[in-house]
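**Q** output the structure for:
(chains A, B and C)
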Amino acid sequence: MCLAVPMKVIELREDRTGVCELENIRYDVDLSLIESVQLDDFVIVHAGFAIEKLDIEEANERLQLFEDLAETYREDV
Amino acid sequence: MKYIDGFRNHRTARVITEEIHELAEQAGDARLMEVCGSHTMSIARYGIRKILPRSVRLISGPGCPVCVTDAAYIDAAVELAGKGIHVATFGDMLKVPGSSGTLAGARSEGAHIHVCYSPLDALRIAAENPSEQVVFLAIGFETTIPPVISILKRAAAQNIQNVSILTAFKLVPPALEALADDRDVAVNGFLLPPHVSAIIGAGAYRGFVRDYRLPGVIAGFEPLDILLGVRDLLQQLAEGKAELVNQYERVVREQGNRIALALMDHYLKTADASWRGIGTIPGSGLVLREEFLNYDATVKFGVSVQGGKPDMRCRCGDVLRGIIFPDECPLFNTECTPVSPVGPCMVSSEGSCAAYFKYSR
Amino acid sequence: MTDTERILLGHGGGGRLSRNLIENEIVTRFGGKGPLAGLPDGARLQLGGETLVFSTDSFVVSPLEFPGGDIGKLAVHGTVNDVSVSGAVPLWLSLALIIEEGLEMNTLRRILDSIRTASEEIGVQVVTGDTKVVARGQCDGIYINTAGIGRAIPGLNTAVNKILPGDAVIASGTLGDHGMAVMAAREKLTLNNALESDTASVHRLVAAVSQWADRVKFMRDPTRGGAAAVLGEIVENSSFGISLREESIPYNPDARAVAEVLGIDLLHVASEGRMLLVCSPDIADSLLQSWKKLPEGAGAAIIGEVTEEAGRVVLETQIGGRRMVDIPQGELLPRIC
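**A** Alright, predicted model coming up:
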């Protein structure tokens, strides 16, 4: 129920809803809880609503951190 | 799925796990509690407990709103369904035991029960059936409350008058205080919920962490997020610190979601709330303000959420407070199974007992 | 604290509730001995010197037409596959239709054409059937039952008690596509390239393994309840267990994405054109290669092995953890086959 997935905004509508995408799935999402959404923003979707934006820079930094950590992993440990 | 798979990297997990094992030696016994259904499920689904050192105990607290739903609430929902009202609900609620039956049972007897992935489905059902009454079972923590309340806003805008909600909204921070006050619980660190925090903001916990001197880490629900969260908590314990750390900055801001908070404040006010298995926690619930009681199903249809006789043998409360593990409950996997649950922890897809039954037996 | 005894949707889910119903109400009445013993997909029957396999299945999928197939195609593949995985060459089908008043004739024609195409491709013949019509509102478009008869392939007689620790567990392709395709269609999750059901016949996959007949211990198609239900059932009350490697299990990325969004575990989701097979470790690689030569086996992979941890199916997770794989409980996904 707390399930929430990061999706990309690919279409905006006047009534503060839009379409979001994860891989090849397109999903109708209510965007009324988010300020100033733009196309190509990433949002966290819960129960059909975007509840927050995903900060891509922060996300990429975190992914990079994880990749760097992975590099330090030695198979013989 | 870059922003999903990148957080499940095998080698990264091994590195962080090694750090955890090293820190555990200095941290002493760690009883870390999470209060988020997604954390409960991720921990179980990825088998995280099996890779942690023995001195680190990950406890699943009351993180699932379905699990803390009173039997009396189910009774009220069944009563509404019995009056021919269309009941729209998240799927997990179907099998929660009331005092004498479930919504699934009501459905098999012909009641109109609709399973929804989103509260917007309830609005759609109401719009498509203008001569019927639709009630949405409005349970949830702060992540879910703004989406549910949004449908009232949209209903007003579209002049949809045949929809209302049966509320059982609950707030996480008061529950954290109750758990920290509870001497039986004896938790020394909290893994804080990612998406509740997205709504209420990291700042919402600062007072709690300071007043109770308990380390808290806001962590995402992917397995690497959780492992990092555990590592941070152990580091704090090793260093004798009690700070709030936001490890989910990619989503959680200090102030939270301003629009969502304003929406909640507009429609709702705080009240005491009863948490099944735990008891009444003051100020831990939200109810509709007077001017919006036309959307309140108890007022509209004259049902009340009270009474309720849950099975007295049920130990969900002790499980939810982390006092016992699910398999320490005498009913676990004997009389209480997902097929025939005695208590809600076994019912919800994010319930501790359900997770344990499914993944850890 | 139970409701009045009634049938619940969960009883049709293919999980524990379904099994309880079958064991308590069906097996008790019709015998746990003879062909029904062990509840195989297909009953093995002796007629003269021949062994025949006989199986039946009903189809109530909604929506009737979905990307990659329709209820007709499903009705042929479902029963043909039950016959095939019981170690037989499918020969004949019966076809019973229950049609709702008001169904468009063109829809019926498309479904019947689908049935014809599927059976011709497989080389199985529809030889008998029945048609009923019920009033509007009584069966949601069309319900179909098919029953199939096949001739057993000599030597290919699988049995759970032949399974030994060390045996390989092989999947013939990506798991869970069908269930996710139907759910996506029903929930109107549009995809850029629609997620297609994997509905297909596995009869050629079965034929391909008949050369190793005595080393193939178990075959089944993971329909309702998915791989978890199939594997969970065979370890129950057995002296062995199964260990799966999450990273080795083939999944379609689009199916994974739908599963993420809906919060569903693909191991619990039906496929309608896949096989799970358990065999001796020494032939596993050759068997895998023989499957990969067929288009319907291109995605095949060894996903785990049989262990001595009796009665348990365990998964080594993506991050190095370990957890159980349980038989799904109830109506995870209603009306997907």
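**Q** how many neighbours does the residue of chain A found nearest chain B have?
**A** Chain B sits closest to A:Gly48 of chain A, with a gap of 2.8 Å, by Cβ to the nearest Cβ. All C-beta spots, glycine's among them, are computed from the backbone N, C-alpha and C. By the criterion of other Cβ atoms under 10 Å in any protein chain shown, A:Gly48 has 18 neighbours.
**Q** now the residue lying closest to it once chain neighbours are set aside: phi and psi?
**A** Closest residue in space to A:Gly48, ignoring its immediate chain neighbours: B:Ser118 at 2.8 Å, by Cβ to Cβ, 6 or more residues apart in numbering or on different chains. Dihedral pair for B:Ser118: phi -140, psi 150, per degrees, to the nearest 10.
**Q** and the pLDDT for the residue of the stretch 101-250 of chain B found nearest chain C?
**A** Chain C sits closest to B:Gly105 of the stretch 101-250 of chain B, with a gap of 3.0 Å, by Cβ to the nearest Cβ. At B:Gly105, the model reports a pLDDT of 90.
**Q** would you mind measuring from it to B:Ala111?
**A** As judged by Cβ to Cβ, to the nearest Å, B:Gly105 and B:Ala111 stand 9 Å apart.
**Q** longest strand in chain A, please.
**A** Identified as the longest strand of chain A according to DSSP state E is strand A:5-12.
**Q** which strands and helices sit next to the very next helix or strand once past it?
**A** Counting by DSSP states H and E, the next helix or strand C-terminal to strand A:5-12 is strand A:17-22. The contact analysis (3 or more Cβ pairs under 8 Å, 6 or more residues apart in numbering or on different chains; DSSP states H and E) places strand A:17-22 against strand A:5-12, strand A:25-30, helix C:253-262.
**Q** tell me if the second one is near chain B.
**A** Yes. Against chain B, strand A:25-30 shows contacts by Cβ under 8 Å from any Cβ of the partner chain at A:Asp30.
**Q** by how many degrees do that strand and helix C:253-262 diverge?
**A** Strand A:25-30 and helix C:253-262 are oriented at 20 degrees to each other (axes from the mean of the first three to the mean of the last three Cα atoms, to 10 degrees).
**Q** so what touches strand A:25-30?
**A** For strand A:25-30, contacts defined as Cβ atoms under 8 Å, 6 or more residues apart in numbering or on different chains pick out A:7, A:9-10, A:16-21, A:43, A:45, A:48-50, B:118, B:120, B:147, B:150, C:184, C:189-192, C:195, C:254, C:257-258, C:261.
**Q** spell out which parts of chain A neighbour chain B.
**A** Counting by Cβ under 8 Å from any Cβ, chain A sits next to chain B at A:1-6, A:22-23, A:30, A:32-35, A:42, A:44, A:46-49, A:51-55, A:58-59, A:62-63, A:66-67, A:69-70, A:72-73, A:77.
**Q** quick one: which of the residues you listed sit in helices?
**A** A:58-59, A:62-63, A:66-67, A:69-70 (DSSP state H).
**Q** residues making contact with the helix or strand hosting C:Ala228?
**A** In this structure, C:Ala228 sits in helix C:226-235 according to DSSP H and E. The contact list for helix C:226-235, computed with Cβ under 8 Å, 6+ apart, reads C:14-15, C:19, C:160, C:163, C:169, C:171, C:175-176, C:179, C:218, C:220, C:222, C:241-242, C:244, C:265-271, C:276, C:278, C:310-313, C:325-328.
**Q** only the buried subset of those residues, as a ChimeraX command please.
**A** Selection of buried members from these for ChimeraX, criterion 16 or more other Cβ atoms under 10 Å in any protein chain shown:
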select /C:14,15,19,160,163,169,171,175,176,179,218,220,222,241,242,244,265,266,267,268,269,270,271,276,278,312,313,325,326,327,328
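**Q** can you flag which of the contacts of helix C:226-235 belong to helices?
**A** Those of these lying in helices (DSSP H): C:19, C:179.
**Q** ok, back up a step: with only the CA atoms kept, save the helix holding C:Ala228 in PDB.
**A** Provided in PDB are the C-alpha atoms of helix C:226-235 (Å, rounded to 0.1, in the frame of the first residue of the first chain):
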ATOM      1  CA  GLY C 226       2.800 -19.100 -11.400                       C
ATOM      2  CA  ALA C 227       6.100 -20.800 -10.800                       C
ATOM      3  CA  ALA C 228       5.700 -20.400  -7.100                       C
ATOM      4  CA  ALA C 229       2.500 -22.600  -7.000                       C
ATOM      5  CA  VAL C 230       4.100 -25.300  -9.200                       C
ATOM      6  CA  LEU C 231       7.400 -25.500  -7.300                       C
ATOM      7  CA  GLY C 232       5.700 -25.100  -3.900                       C
ATOM      8  CA  GLU C 233       3.400 -28.000  -4.600                       C
ATOM      9  CA  ILE C 234       6.100 -30.400  -5.600                       C
ATOM     10  CA  VAL C 235       8.200 -29.800  -2.500                       C
END
